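Participant: sequence first, then the predicted structure, then my questions.
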Amino acid sequence: MKHVETISLPHDLGEFSEIIDVRAPGEYAEDHLPGAINLPVLDDDERKQVGTLYKQDPFAARRLGAALIAANAAKHLSGPLASKDKNYTPLVYCWRGGMRSNSLAYILRSVGWRARIIEGGYKTFRKFITEDLERIFATPGFQLTVLSGPTGVAKTRLLHTLQKASAQVLDLEGLANHRGSVLGLAPETEQPSQKHFESSLWQTVSQFDLSQPVFTEAESNRIGRIHCPPPLWKKLGTGRVVEIKLPIDQRAEFLLDDYPHFTERPELLKPLLSRLTKLRGHEQVTAWHEQVDAGKWQEFVASVLKDHYDLVYRRAGDEKSNYPAPSTTLELTDFTPEQLQLAAQKLIAQSQ
C-alpha cells in the first residue's frame, strides 16, 4: 500500500481539524493522544481474529483485515465523518503508523481530505512524551510550590482556589482520579491507566509558562495505583514547601464536607476501613465501624484523623522524606471560600 503523508513529533497538533485514533477500543481506552477520537478500523475481537489468523496464514489474514477495515471505514464515512466539509484535515494514527492508519488515511485522502499520519504512530508519541516530561521537569528556573500538611487541611481545595485566581496549578490527584489514601477513590469511578495519567500530565505541564511558579500538592510516590514518573518525583523533591495548618475540629468538618458519599452511603466506608485492621488493629477498626453504624460522624472523623492519618503523617516526617523542610507556614482558621481566597492571594504574592 502506498504510504500517505506523515508528520514527525514534536509537531503543532493544533493545525489539524481532528485527531483520529484508529486502534481498537481497548487500546484507545488504555491511552490515546489528548483530544483524539476513536474510529477503530478493527474492533477488539476483529483485531484478535486477524492476529490469530496471521500466525497460521499471513495472506489470508491480510485479506480478512482489508475486508474488515473497508467495512469499518464505510461505517465511519456514513457516520461520524458524514458532516465533514472539504476543508477537513485529520491526523490519523495507529500503534506504529502501519497498515491500520495508512488504510484509513488513504481512503480519506481519496475523498479529497488532506489526511496525514504520525510517523511511528502511538509508539512514537509515548517515546516523545516520556522524553519531553524529562525535559520539562529539568528546565532551569522551573519551580514548584508544594502545599503540604496533614489530611483534612483543604490542600486540594486551596489548589482549586489558586487555579480560579489564574495561578498555574498541577492537580496530581485530579489527574490520577484518587485522593491518595485508603478512602481516596470515589464510588463508581476508576483511575486512569499509568500511560493515560502520563499523557494527561504531559498535556498539562506542556502548557505551563515555566518561568512562572506552579502550585501543586505534596504526594507520596504512589497516588492510588498510579506512580509518579521519576522526573516528576525528582522535581517535587526540589520544590518550595508551604505547610498548611487548620484546627482539627475544622479538619473534621472539612472531611465530612469533602467526602459526602460516605455519610450518604456508609456501606461503602466500612470495607475500606477494614483494610486498616493489620495496621491499626481489630479493636480500633471495630470502634470505627460502631461509630459509623451509630452515625457519630464527628467522633468518627476526629478519631480517624488522630489515630490513623496524623500517625501516618508524623511517621512520614520522621523518615527520610522526598521533600525539603517547609520554608513557610500558612495557617487557616476555617475552609470557607473567603478564607481560601485570602490564602491563595497570599501564596501568589509570596511566589512573585
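Facilitator: On my side now, so go ahead. Residues are numbered from 1 along each chain as shown.
Participant: wait, what's in contact with residue 134?
Facilitator: By CB atoms under 8 Å, 6 or more residues apart in numbering, the contact set of residue 134 is residue 231. In short, each C-beta sits where N, CA and C put it, glycine included.
Participant: switch to 10 Å and redo it
Facilitator: 229-232, 234 (CB atoms under 10 Å, 6 or more residues apart in numbering).
Participant: inside strands: which ones of the residues you listed?
Facilitator: Using DSSP state E to define strands, no part of those is located there.
Participant: most surrounded residue in those?
Facilitator: Of all the contacts of residue 134, the highest neighbour tally under other CB atoms under 10 Å goes to residue 232, namely 23 neighbours.
Participant: quick one on the thing from earlier: closest to residue 202 among the contacts of residue 134?
Facilitator: For the contacts of residue 134, the minimum distance to residue 202 (CB to CB) is 9.4 Å, reached by residue 229.
Participant: and the pLDDT at that closest one?
Facilitator: On the pLDDT scale, residue 229 is placed at 97.
Participant: do residue 311 as well
Facilitator: pLDDT, residue 311: 89.
Participant: and after the helix or strand that contains it, which helix or strand comes next?
Facilitator: Element membership of residue 311 [criterion: DSSP states H and E] is helix 310-318. Later in the chain than helix 310-318, the nearest helix or strand by DSSP H and E is strand 328-331.
Participant: in that next one, what counts as buried?
Facilitator: Going by neighbour count (16 or more other CB atoms under 10 Å), the buried part of strand 328-331 is residue 330.
Participant: for it, name the packing helices and strands.
Facilitator: strand 144-148, strand 240-245, helix 337-351 (3 or more CB pairs under 10 Å, 6 or more residues apart in numbering; DSSP states H and E).
Participant: coming back round to it: make TSV out of the contacts of residue 134 and add distance to residue 73.
Facilitator: Shown next, in TSV, are those (distance: CB to CB, whole Å):
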residue	distance to residue 73
229	36
230	41
231	39
232	39
234	45
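Participant: pLDDT-wise, which helix or strand of this structure ranks last?
Facilitator: Between all helices and strands in the chain, the lowest mean by mean pLDDT, DSSP states H and E belongs to helix 310-318, at a mean of 75.
Participant: okay, residue 56 and residue 47: tell me how far apart.
Facilitator: To residue 47, residue 56 is 16 Å away according to CB to CB, to the nearest Å.
Participant: so which of the two has more stuff around it?
Facilitator: Taking other CB under 10 Å, residue 56 and residue 47 do not tie; residue 47 has more neighbours (20 against 8).
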